[in-house]
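Enquirer: I would like to see how this sequence folds:
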Amino acid sequence: MTPAVRPRRSALFLPASNARAIEKARTLPCDVVILDLEDAVAPAQKDAARGAAIAAVRDGGFGTRELVVRVNAFDTPWGADDLAALHGAPADAVLLPKLDHPKTLHAARLALGEGPALWAMIETCSGVLSLPAIAAEAVEHGLAALVAGTNDLARELRCRARVDRAPLLPALAQIVLAARAAGLTALDGVINTLDDQTAIAAECTQGRDLGFDGKTLIHPAQIAAANSAFGPSDDEVAAARILAAAFDGHEDEGAIRVEGRMVERLHLEEARRVLALAAMVAARG
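Expert: So this is what the prediction gives:
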């Protein structure tokens, strides 16, 4: 299955308790704003943050940016109240943390009604092992995206932090595989580095090479690298245009020769996806 084309190159987490950060997010060049009620909010601020998130969702002003709210988990004192408050709210999606079983999708959909799409963070060993079951119920429950929770997953795995993320690569590959099988967006996990733009760009490129559609971020300084890595390059767009043009007049053929190589209709589908994504990115300026 192929997900609907929509730029999700950069998805910025920010604490819903921080009014200044919310206001600034309305002007940032990220594709997605994630108002966080979970990790970024202290227990004493949970109720206030929930109210601020609902107010921000209703006030709008985020332009073409998707607006997502990450709720607290069901097994916390705040999770059920978070979902109840978001029932009927015009958020684009609700992000469920530490999803490790499809039954949580069912419970969340019941709480939210027919409203926003569900996004799921895969950040536990159980979650990775449950990916086939989760993906199988995506359509029924309106699941639209899988998000890698690399910090929590690394902690649970007890693996060592490495620049190349080698210990996490098997899990990351499974997240992408499950997303593609179910027609979902796949977003890479955050990078904790803030000042080293070379390191940020390298991890974004790695995520793109793995097949992710974009990357979750924790600071505005990371947006440019994510947008660059996950957006179609000039060379990719040029190649897609050549391939699409070559199929004009050959719609009934399964494979044709283009610039010395054989290409099939599956390559045409990907070229059209690249061109559509590039057009949407260009429209955002």
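Enquirer: any buried residues in the helix or strand containing Ala53, and which?
Expert: Using DSSP states H and E, Ala53 sits within helix 46-59. Buried residues in helix 46-59, counted by 16 or more other Cβ atoms under 10 Å: Lys46, Ala49, Arg50, Ala52, Ala53, Ile54, Ala56, Val57. In short, each C-beta sits where N, CA and C put it, glycine included.
Enquirer: and it, what does it pack against?
Expert: The contact analysis (3 or more Cβ pairs under 8 Å, 6 or more residues apart in numbering; DSSP states H and E) places helix 46-59 against helix 19-25, strand 32-36, strand 66-70, helix 79-86.
Enquirer: and these as TSV, adding mean neighbour count, mean pLDDT and distance to Ala182?
Expert: Shown next, in TSV, are the helices and strands packed on helix 46-59 (neighbours: other Cβ atoms under 10 Å; pLDDT from 0 to 100; distance: least, Cβ to Cβ, whole Å):
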stretch	mean neighbour count	mean pLDDT	distance to Ala182
helix 19-25	15	97	29
strand 32-36	27	98	19
strand 66-70	25	98	18
helix 79-86	20	97	22
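Enquirer: can I get the ones you listed in TSV including distance to Thr124?
Expert: Below are the helices and strands packed on helix 46-59 laid out as TSV (distance: least, Cβ to Cβ, whole Å):
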stretch	distance to Thr124
helix 19-25	27
strand 32-36	18
strand 66-70	15
helix 79-86	15
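Enquirer: among those, which comes closest to Val190?
Expert: Closest to Val190 of these, according to Cβ to Cβ: strand 32-36, at 10.5 Å.
Enquirer: the closest one pairs with which strands, parallel or anti?
Expert: Next to strand 32-36 in the sheet, as set by DSSP bridges, lie strand 10-15 (parallel), strand 66-70 (parallel).
Enquirer: could I have the CA atoms of that strand written out in PDB?
Expert: In PDB, the C-alpha atoms belonging to strand 32-36 read as follows (Å, rounded to 0.1, in the frame of the first residue of the first chain):
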ATOM      1  CA  VAL A  32       4.400  18.900  11.600                       C
ATOM      2  CA  VAL A  33       4.000  20.400  15.100                       C
ATOM      3  CA  ILE A  34       3.600  17.900  17.900                       C
ATOM      4  CA  LEU A  35       2.200  19.400  21.100                       C
ATOM      5  CA  ASP A  36       3.600  17.100  23.800                       C
END
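Enquirer: can you list contacts of that strand?
Expert: 8, 10-16, 22, 25, 53, 56-57, 62, 65-70, 95, 214, 216 (Cβ atoms under 8 Å, 6 or more residues apart in numbering).
Enquirer: strands of this structure, residue ranges please.
Expert: All strands of the chain, identified by DSSP state E, fall at 10-15, 32-36, 66-70, 93-96, 117-122, 143-148, 185-188, 214-217, 255-258, 261-264.
Enquirer: could I get those strands as a markdown table with distance to Ala283?
Expert: Listed next are the strands of the chain as a markdown table, based on distance: least, Cβ to Cβ, whole Å:
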| stretch | distance to Ala283 |
| --- | --- |
| strand 10-15 | 16 |
| strand 32-36 | 16 |
| strand 66-70 | 15 |
| strand 93-96 | 21 |
| strand 117-122 | 22 |
| strand 143-148 | 21 |
| strand 185-188 | 19 |
| strand 214-217 | 17 |
| strand 255-258 | 27 |
| strand 261-264 | 27 |
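Enquirer: against Leu146, how distant is the residue positioned nearest the centre of the chain?
Expert: Geometric centre of the chain, nearest residue: Leu187, 3.6 Å, by Cα atoms, centre = their mean. Applying Cβ to Cβ, to the nearest Å, the value for Leu187 to Leu146 is 7 Å.
Enquirer: try Asp209
Expert: According to Cβ to Cβ, Asp209 stands 18 Å off from Leu146.
Enquirer: now Leu37
Expert: With Cβ to Cβ as the criterion, Leu37 and Leu146 are 20 Å apart.
Enquirer: just Thr64 next, same as before
Expert: The gap separating Thr64 from Leu146 is 22 Å, by Cβ to Cβ.
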